[in-house]
Every structure is written in structure tokens, then in C-alpha cells.
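S.K.: Build me a model:
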Amino acid sequence: VQLQASGGGLVQAGGSLTLSCAASGFRLASYAVGWFRQAPEKVREGVSCITWSGGSTYLADSVKGRFTISRDNAKNTVYLQMNSLKPEDTAVYYCAADAYQCNSEPLYDYWGQGTLVTVSS
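M.R.: Numbering: from 1, shown residues only. Presented below is the predicted three-dimensional model:
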């Protein structure tokens with residue numbers, strides 16, 4: 001059972017990146033998936049979440065209007081499209097899967113290893 005977050009990199013402010021969260025060993029389509037991030041010397045925070053059906057999505061106020069979460073259950077993958085990136089978006093981004101719903105951080109069942117996003121000014 002594994003979650004793999006990928007797609008991070010170095011981008012200039014105003015640029016875009018798309019992160020992917022792929023599952024192996026279990027059917028991600030049955031799980032809500034959240035994206036979290038942790039900037040240097042800061043606590044990890046929730047960024048976005050999507051329910052198992054994709055019918056409901058949630059975005060933190062700091063990324064509303066810039067980030068979009070989506071999923072392709074046929075590919076067992078969830079995406080985080082990040083546009084208009086700002087230096088304050090620099091962080092390690094993690095995806096996590098919850099068997100029931102979009103939840104608070106400690107309740108997620110599986111976690112990916114994280115992918116680093118660096119936004120230069």
C-alpha cells in the first residue's frame with residue numbers, strides 16, 4: 001500500500017505546477033484525498049481535499065482561486081493544479097487518503113512521501 005506524490009519542482013512566481021498523487025496496492029477511488037503542505041519551520045497545514053466521488057472539494061482560503069483539486073479514478077490518481085504560484089507557497093506537499101471523508105490531518109489512513117515545491121520571487 002503506497003501513495004506517491006510527484007510533480008514538484010522549482011518555478012517562478014506566477015507560474016504553474018500540477019502535483020499528482022498516485023496510489024498502488026489499494027483503490028484510491030474509494031478514498032477521500034487531501035493535500036497538505038509544510039513550509040520550513042512551520043507546522044503542516046491542509047491545502048485541499050476531494051471526496052471519493054469528486055462531488056465535493058475543499059480549498060484553504062490561502063489558495064482559493066489559484067489551486068484546483070481533481071481526480072481520475074480510472075487512473076487511481078488525484079491532482080492538484082497550482083496556478084499563480086507565490087513564494088509563500090514554497091513547501092513540501094503531501095497527499096493523504098482517508099477511507100471515509102475529508103478529515104482533519106491526524107485521521108488520514110495513508111500518507112505519501114511528499115514532493116518539494118519551490119517558488120522563486
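S.K.: CA only for contacts and neighbour counts going forward, please
M.R.: Noted.
S.K.: Run through the residues that contact residue 112.
M.R.: For residue 112, the contact set (CA atoms under 8 Å, 6 or more residues apart in numbering) comprises 2, 3, 4, 5, 21, 94, 95, 96.
S.K.: got the buried residues for the helix or strand containing the fifth one?
M.R.: Secondary-structure assignment from DSSP states H and E places residue 21 in strand 17-24. By neighbour count with 16 or more other CA atoms under 10 Å, strand 17-24 contains the buried residues 17, 18, 19, 20, 21, 22, 23.
S.K.: what packs against the helix or strand that comes right after that strand?
M.R.: Later in the chain than strand 17-24, the nearest helix or strand by DSSP H and E is strand 32-38. Contacts defined by 3 or more CA pairs under 8 Å, 6 or more residues apart in numbering; DSSP states H and E place strand 32-38 against strand 45-50, strand 91-98.
S.K.: What is the last one packed up against?
M.R.: With contacts defined as 3+ CA pairs under 8 Å, 6+ apart, the secondary structure elements packing on strand 91-98 are strand 2-6, strand 32-38, strand 110-111, strand 115-120.
S.K.: out of the buried residues of strand 17-24, what pair is the most spread apart?
M.R.: 17 and 23 (19.8 Å; CA to CA).
S.K.: helix, strand or coil for residue 69?
M.R.: strand (DSSP: H, G, I helix; E, B strand; the rest coil).
S.K.: give the contact list for the closest residue to it other than its chain neighbours.
M.R.: The spatially closest residue to residue 69, leaving aside those adjacent along the chain, is residue 80, at 4.6 Å (CA to CA, 6 or more residues apart in numbering). Residues near residue 80 by CA under 8 Å, 6+ apart: 18, 19, 20, 35, 67, 68, 69, 70.
S.K.: Also residue 14?
M.R.: Residue 14 sits in contact with 83, 84, 85, 86, where contact means CA under 8 Å, 6+ apart.
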